[in-house]
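A.B. asks: Output the structure for:
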Amino acid sequence: MKRHTIILAAALVAVASPLLAQVPSRVVMGGKAVTMVADVVYAFPSARSRVVAVGGTDQGLGVFLGAVHPGFSSLPPFDRQAGIEAYAAFNPDLVILKSSLKKSLGTGLETLGIQTAYLSLETPEDYYKDLAAVGRVFGDSARAALLVSYYRGVVETAATAAATALRTGVARKPRVLLAQAAGDGFEVPPDGWMQSLLVELAGGIPVWKGANPAGGWAKIGPEQIAAWDPDVFIVVSYREPATAVAARTAADSRYAGLRAAKNGTLVGFAQDFLSWDQPDTRWGLGLLWLSNLLYPGAIPGYSAEAEARRFFQLFYDLDAASFDANVRPRLRGISR
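C.D. replies: Okay, the predicted model is just below:
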């Protein structure tokens, strides 16, 4: 069979393409980081009823998309680590994966003649291109433009807040450590990952920059953290409330002497079903939250909860009642 491959990040795919003569009707998503991919696709109402299987979206804090589309909870169980035979069993006309899975999973699917598409979703620029391409695939470019406009506005707001605070002398540029809790220690992200970019976009100095040349999270010890002694220490956790991890860390004798622990700036990254630091659709929420943390009051009228309401209504059509029932009880790390 002929291989069919679509690189969505290249922004070259249109519905009129010979590979996608019409909007796909049986879409499957899976593999590592499927949560990010699914959250992007479900931001397009025209795509939701076309999804027939998603390979697991619970990072440890619950499943979000069931609150977005009533059919999500009835989708068949599908292990995100499944092989190509499991995908083929759903008879998809399009499989959407993270671009990092092209070699390990995508090539096998293409060999079976299954049409595949890939999303990068690592940086803001990736999001702009990927959203535009997904909009074309599902016949809703206007929707894509609206979502891209939201992100561009968020980036501009954060930049303006930091620049104003620094120019007026209200604040100095803070030295920031963002680290993921890992066992009894912590890990830092590579320079090019969304977590690192968010700190810079918010006007912070990532103290770990250059310390992790690897392709994934890198372990750091208490001695290194003490040597950095950041002004702000932000703890990330994907499987438990980050606020609880941050509280334990601040009370830990290995970290209690840090200036962030003493100043009350050792905090957990904001969360709902997912942490807001990662390259999920929530990264815009994370950027504004981080900007407000580093430069309190620099965004006029900012409220993390109000911004979350705006985001979930815009991206997922959650009205006030749905937000209050499904998202608000899970908000952590924000001031109400």
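
A.B. asks: What does the pLDDT read for Met186?
C.D. replies: Actually, residue 186 is Phe. It isn't Met. The model reports Phe186 with a pLDDT of 97.

A.B. asks: Note down every partner strand of the one helix or strand it maps to and its orientation.
C.D. replies: Secondary-structure assignment from DSSP states H and E places Phe186 in strand 185-188. Strands that pair with strand 185-188, judged by DSSP bridges, come out as strand 175-182 (antiparallel), strand 218-220 (antiparallel).

A.B. asks: what about the first one, average pLDDT?
C.D. replies: Model confidence over strand 175-182, given as mean pLDDT, is 97.

A.B. asks: Just the buried residues of it, please?
C.D. replies: Under the neighbour-count criterion of 16 or more other C-beta atoms under 10 Å, strand 175-182 has 175-181 buried. C-beta: built from backbone N, CA, C; applies to glycine.

A.B. asks: name the helices or strands packed onto the helix or strand hosting Arg143?
C.D. replies: Under the criterion of DSSP H and E, Arg143 resides in helix 141-167. Where contact means 3 or more C-beta pairs under 8 Å, 6 or more residues apart in numbering; DSSP states H and E, helix 141-167 is packed against helix 124-137, helix 194-201, helix 283-294, helix 304-316.

A.B. asks: try 7 Å this time
C.D. replies: In terms of contacts (3 or more C-beta pairs under 7 Å, 6 or more residues apart in numbering; DSSP states H and E), helix 141-167 is packed against helix 124-137, helix 283-294.

A.B. asks: what's the last one packed up against?
C.D. replies: Under the contact criterion of 3+ C-beta pairs under 7 Å, 6+ apart, the helices and strands touching helix 283-294 comprise helix 141-167, helix 194-201, helix 304-316.

A.B. asks: Pipe the ones you listed into TSV and attach mean pLDDT and distance to Val34 per row.
C.D. replies: TSV is the format used below for these (pLDDT from 0 to 100; distance: least, C-beta to C-beta, whole Å):
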stretch	mean pLDDT	distance to Val34
helix 141-167	97	19
helix 194-201	98	17
helix 304-316	98	17
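
A.B. asks: Distance from the helix or strand hosting Glu110 to the middle of the chain?
C.D. replies: Secondary structure assignment for Glu110, by DSSP H and E: helix 107-111. Taking C-alpha atoms, centre = their mean, to the nearest Å, one finds the center of helix 107-111 at 27 Å from the center of the full chain.

A.B. asks: average pLDDT across it?
C.D. replies: 91.

A.B. asks: Show me what secondary structure element comes after it.
C.D. replies: Later in the chain than helix 107-111, the nearest helix or strand by DSSP H and E is strand 116-119.

A.B. asks: Partner strands of that next one and their direction?
C.D. replies: Sheet pairing for strand 116-119, assigned by DSSP bridges, gives strand 5-7 (parallel), strand 94-98 (parallel).

A.B. asks: And these, which one averages the lowest pLDDT?
C.D. replies: Ranked by mean pLDDT, the strands paired with strand 116-119 bottom out at strand 5-7, which scores a mean of 47.

A.B. asks: Which SSE is immediately downstream of that strand?
C.D. replies: Once the chain leaves strand 5-7, the next helix or strand it forms, by DSSP H and E, is strand 27-29.

A.B. asks: on that earlier part again, need the helices and strands packed on helix 141-167 in JSON lines (columns: mean pLDDT and mean neighbour count).
C.D. replies: Output for the helices and strands packed on helix 141-167, formatted as JSON lines (pLDDT from 0 to 100; neighbours: other C-beta atoms under 10 Å):
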{"stretch": "helix 124-137", "mean pLDDT": "97", "mean neighbour count": "21"}
{"stretch": "helix 283-294", "mean pLDDT": "98", "mean neighbour count": "25"}
